[in-house]
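Engineer: sequence and predicted model, in that order:
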Amino acid sequence: MATNEAQVEQDETAVSGQEVGLSHQLKQIKRDITARIGLYIVVLVTFVAGFSWFDANLGTITFGYVSDYTLAQAAPLLEHPERLPPPTDMNAHAPPAFVEGGTWEHPLGTDHEGRDYLSRIVYGTRISVMVGFAATAIGLVGGVAIGATAGYYGGRVDDLLMRFVEIIFAIPALVLIIVFTEFVSGGNPDIQYAVAGAGIASIPIFSRIMRSRVLSVREMEYIEAARSAGVKDRHIIIRHVIPNSFASVLVYATLQVGVVILLVASLSFLGYGAQPPTPDWGQMLSYAHGQMHSNPWMSVFPGLAILVTIMGFNLLGDGLQDALNPRIDN
Amino acid sequence: MSILRYAIDRILQTIPVLIGVSLITFLFINALPGDVISALYADQALGEESIRALEERHGLNESFFERYLSFMAGILQGDLGYSIHYETSVTSLVLTRAGPTLMLTLSAFAFAIVTAIPLGAIAASRRNQSPDHLSRIVALFGVSTPSFWVGIMLIVIFAVTLGWLPSGGLVYPWRAPGHYGFDSQLELYVQTVQSLLLPMIALGTMQMAMLMRIERSEMVETLQRDYIQLARAYGVSERTILRKHAFREAQLPIITIVGLNISTALGGSVVIEQVFDINGIGKLLLSAIELRDFQVVTGITLVLAAIFVIGVVITDIAYAYIDPRITLDGGE
């Protein structure tokens, strides 16, 4: 995969000599309108996702749209969805308010069990954001460890680790995660296994970026100095090499959050991720797929929610990338 | 180093990767819970005797290592094993299902390339004007939207609401027209195109968006090069510069991305086949996992990985062939 690395290395050369780092990136983002929109979306989505955590303390805020129970009642129950009380009004498949026959009681209608569709989509935010951050974190930690080790030591270690990464990379991510999920879960797939699988599938991209960064950092004089002063390798990697390579890794991490959310949504859609009754967007679309002819509106909003969330992370990631890479002046 | 040496080297490098892939998939898939025989005869109470006889017949009682070795020996002869559920060889199973998947993936790439390259180039030449903004918004939406949702929305709009196109299934152009009850060859082709249109767009949208972004940024960069500035100074028209001078150079990264994305697209076709009810490799894979037909799962995973690795190698070689600046010594 020489070409890919050539690209990454090209980016490196463009960066060297420039003032880079997080504070510089943040300054750039303030100026860039699209990155700012991305940042707002990410903050908003994260806020919505976090809302159900502290709402228990807010008492009986009903969010306006939860028909059968307040959020405060529902939040602890979400941990055990099977204990959710049966909906009092069984008006299943009620259409959204703006479609004929819909009411504002359920602005986006209800699902097949009469549950308010909007509340389910709002709860889905929490799942998607957690999925995105958790899986990216797994990939980031694994990838940075592998990439930094391979890049720093070089030679046989490098060959061995990078071959391993290539093997993971060669298997289509979706196939890899499905097989992994089935294997780890013992045939009962669920969202946490899909997240772990998506994390593993993200390792190759992070290890390659980390490795190529380390290859350039390794040659810096201060690393040479540390080495000749007798500092241990492990210490050099953790204290000097990784921090100095982290800015570009962070850009990819932001973009990877979107990639991972998309992957896990596809898995849930295929039945290898979140299981009903978890209000996961991919899982909701899986049900909606069977309702395309009778209730086509059901497909619209979970998909839009995925789109907006991923778009936020993409805009922010692109903005960070532009800030880091002054070669492309847009 | 000559290009031939480089090509041979590059091909040899893939062997350990492919062996690694085969070992890992074989290991994982054989460790999956459940087995095909109990899945297959779930409704019959088989005695221990007959289970053992069945296992023996399919070589399931041998050790893991023995099975792996005979599996690898088979692969070298182009034999991916035997599907116990479908009662046929995995190779022929994959080959019969490859048609729809290839049709879908290749047409998706064709769609992506044909739309992305002109749009990206136009965006670059009209930088920061409305065509550019529009194309960037389209690209942003493209990379942020799950392909299966694009598929569902296309079905809802064009099949369910408007009734213009079929909502699923593929019409295969290699079948006789009579098979579908069509009168002529022409009608068969028309129906093929109609049935392919929506899944092609669903699978191709993300590829299109990615290619468009790269095409745009490459063109922007190329148009700032000295030799382009020189041509401009000589009064060469912008159109000629775009077509004759800048365009070719900007296409190199596109080749790379197409090579690397074949695997993504094949993975994506698993989902799209499910959405549009297309009987391709993806659907075969999902049902084989369900049925615990591990030979089929291993075979398909290996084929997909091999396609990816070969795609990367071809890309690298093509790249080295086209762009003489690439050093063939490959050393770090």
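Structural biologist: Structure's in. What do you need?
Engineer: what helix or strand is whichever residue of the stretch 151-300 of chain B sits closest to chain A on?
Structural biologist: Relative to chain A, the nearest point of the stretch 151-300 of chain B is residue B:267 (3.3 Å; CB to the nearest CB). Just so you know, the C-beta spots here come from the backbone N, C-alpha and C atoms, and that holds for glycine as well. Per DSSP states H and E, residue B:267 falls inside helix B:252-276.
Engineer: who does that helix touch, helix- and strand-wise?
Structural biologist: helix A:2-15, helix A:173-185, helix A:242-270, helix B:90-125, helix B:147-154, helix B:185-223, helix B:281-291, helix B:294-322 (3 or more CB pairs under 8 Å, 6 or more residues apart in numbering or on different chains; DSSP states H and E).
Engineer: with adjacent residues omitted, what lies nearest to residue B:135?
Structural biologist: Once flanking residues are discounted, residue B:135 sits nearest to residue B:123: 3.9 Å by CB to CB, 6 or more residues apart in numbering or on different chains.
Engineer: in this structure that neighbour contacts residue B:211, no?
Structural biologist: No: Residue B:123 is beyond contact range of residue B:211, at 12.0 Å (criterion: CB atoms under 8 Å).
Engineer: gap between the spatially most central residue of chain B and residue A:171?
Structural biologist: Nearest to the mean C-alpha position of chain B, by CA atoms, centre = their mean, lies residue B:266 at 2.8 Å. Counting by CB to CB, to the nearest Å, the gap from residue B:266 to residue A:171 is 11 Å.
Engineer: hey, what's in contact with both of the two?
Structural biologist: In terms of CB atoms under 8 Å, 6 or more residues apart in numbering or on different chains, residue B:266 and residue A:171 are both contacted by the residues B:304, B:308.
Engineer: burial measure for the closest residue to residue A:197 other than its chain neighbours, as a count.
Structural biologist: Distances taken as CB to CB, 6+ apart place residue A:177 nearest to residue A:197, at 3.5 Å, with adjacent residues excluded. Number of residues near residue A:177 (other CB atoms under 10 Å in any protein chain shown) recorded here: 30.
Engineer: with residue A:111 instead?
Structural biologist: Neighbours around residue A:111, by other CB under 10 Å: 24.
Engineer: how far away is the residue lying closest to it once chain neighbours are set aside from residue A:41?
Structural biologist: By the measure of CB to CB, 6+ apart, the closest residue to residue A:111 outside its immediate chain neighbours is residue A:117, 5.7 Å from it. Applying CB to CB, the value for residue A:117 to residue A:41 is 21 Å.
Engineer: the two - which one has more neighbours?
Structural biologist: residue A:117 (25 against 19).
Engineer: residue contacts, residue A:238?
Structural biologist: With contacts taken as CB under 8 Å, 6+ apart, residue A:238 has no neighbouring residues.
Engineer: swap in 10 Å and give it another go.
Structural biologist: Neighbouring residues of residue A:238 by CB atoms under 10 Å, 6 or more residues apart in numbering or on different chains: A:145, A:148, A:232.
Engineer: and if you look at residue B:122?
Structural biologist: B:129, B:131, B:132, B:134, B:135, B:215, B:216, B:219, B:242.
Engineer: just the buried ones from those?
Structural biologist: B:132, B:135, B:215, B:216, B:219, B:242 (16 or more other CB atoms under 10 Å in any protein chain shown).
Engineer: now do the third one, the pLDDT please.
Structural biologist: Model confidence at residue B:215, given as pLDDT, is 84.
Engineer: now name the helix or strand holding residue 142.
Structural biologist: Picking chain A for this. With DSSP H and E as the test, residue A:142 turns up in helix A:117-153.
Engineer: actually it's chain B I care about, not the one you picked
Structural biologist: With DSSP H and E as criterion, residue B:142 is part of helix B:130-144.
Engineer: so for stretch B:301-315, what's the average pLDDT?
Structural biologist: For stretch B:301-315, the mean pLDDT works out to 85.
Engineer: near chain A at all, that stretch?
Structural biologist: Yes: applying CB under 10 Å from any CB of the partner chain, one finds stretch B:301-315 touching chain A at B:301, B:302, B:304, B:305, B:306, B:307, B:308, B:309, B:311, B:312, B:313, B:315.
Engineer: buried set for that stretch?
Structural biologist: Within stretch B:301-315, the residues scored as buried using 16+ other CB under 10 Å are B:301-309, B:311-315.
Engineer: out of the residues you listed, who's nearest chain A?
Structural biologist: residue B:305 (4.3 Å).
Engineer: check contacts around the closest one.
Structural biologist: A:167, A:169-172, A:175-176, B:17-18, B:20-22, B:24-25, B:263, B:266.
Engineer: re earlier: surely the residue nearest to residue A:111 and residue A:99 touch.
Structural biologist: No: contact criterion CB atoms under 10 Å: residue A:117 and residue A:99 do not qualify, at 11.7 Å.
Engineer: what sits in contact with each of those two?
Structural biologist: Common neighbours of residue A:117 and residue A:99 (CB under 10 Å, 6+ apart) are A:108, A:109, A:297.
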